[in-house]
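A.B. asks: model this:
(one chain, ligands or ions: 1)
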Amino acid sequence: MITLYQFSPAWGLPNASSFCLKLETYLRMTQIPFEIAPDADLRKAPKGKLPYITDQGKTIADSNLIIDYLKATYGDPLDRWLSQMDRAIALAMQRLMEENLYWAVVYSRWQDPVNWEKTKAIFFDTLPPILKTVVSIIARKQISQSLKGHGMGRHTAAEIYQIGSTDLNALSDFWQTNPFLWVISLPRWMPQPMVCWLIFSGCRWSLP
Ligand SMILES: N[C@@H](CCC(=O)N[C@@H](CS)C(=O)NCC(=O)O)C(=O)O
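C.D. replies: Coordinates of the predicted model:
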């Protein structure tokens, strides 16, 4: 049985992390049996990030590498009929969301003072008060460094939201000309609103 290590549900969503949400949704859609580990500990994650899984004595980290593993081990019921061009477009769209738009969302949650209290409550409310203050300050500082390392964190808030909006508008334009979407490992017949929900559920809570 696969064990999925991820953050707890938050904000009425199955997960506050889009990577965890994507992987859990993939497992549900492919009907591969899995269980969710209670209280997953980020410090035990092989790459210091969630999600990761264990299966048949193996530990695999990174949502995309996990999906590759699942396809190789359990088959590929969702994507196997995609053309080379479909796959190329899917990959480009996925990278846009995961490697650029994601960082605008991270900024909005972890750095923008308007949202910081909400983010702090979600991730650290279970800690005793003093620990909550100390751990949240350290985590926020680390995220600030990651944002700078990526490059997104070197922009002003206005520039970051401009960049995020440009991505969202590009995705919206793409969807308007493609009645069915075949990005992020979802089948062609999947209705557009479902896909939008998956991708934007994370943004909805934090972007202005
Ligand atoms: N490329 C990874 C990204 C995973 C990721 O960035 N996870 C974030 C949550 S959305 C995380 O665990 N961050 C913890 C940290 O950076 O300390 C994947 O696809 O799984």
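A.B. asks: quick one: buried residues of stretch 65-84?
C.D. replies: 66-67, 69-71, 78-79, 82 (16 or more other C-beta atoms under 10 Å). Where you see a C-beta, it was placed from the backbone N, CA and C, and this is true even at glycine.
A.B. asks: quick check, nearest of the residues you listed to Lys22?
C.D. replies: Ile67 (8.3 Å; C-beta to C-beta).
A.B. asks: Which pLDDT value goes with the closest one?
C.D. replies: pLDDT recorded at Ile67 is 94.
A.B. asks: Could you double-check that it lies in contact with Leu27?
C.D. replies: No: counting by C-beta atoms under 8 Å, Leu27 is not a contact partner of Ile67; they are 9.3 Å apart.
A.B. asks: re the thing from before, of the buried residues of stretch 65-84, closest to the ligand?
C.D. replies: Set against the ligand, the nearest of the buried residues of stretch 65-84 by C-beta to the nearest ligand atom is Ile66 (7.4 Å).
A.B. asks: Just want the phi and psi numbers for the closest one.
C.D. replies: phi -60, psi -50 (degrees, to the nearest 10).
A.B. asks: Offset the numbering so it begins at 14, please.
C.D. replies: Got it, first residue is 14 now, which makes that one Ile79.
A.B. asks: Can you give me the distance of it to Ile73?
C.D. replies: The gap separating Ile79 from Ile73 is 5 Å, by C-beta to C-beta, to the nearest Å.
A.B. asks: any common contacting residues for the two?
C.D. replies: Jointly contacting Ile79 and Ile73 under the rule C-beta atoms under 8 Å, 6 or more residues apart in numbering are 65-66.
A.B. asks: Wait, a strand at Ile66?
C.D. replies: Yes: judged by DSSP: H, G, I helix; E, B strand; the rest coil, Ile66 forms part of a strand.
A.B. asks: number of nearby residues for it?
C.D. replies: Using other C-beta atoms under 10 Å, Ile66 is surrounded by 22 other residues.
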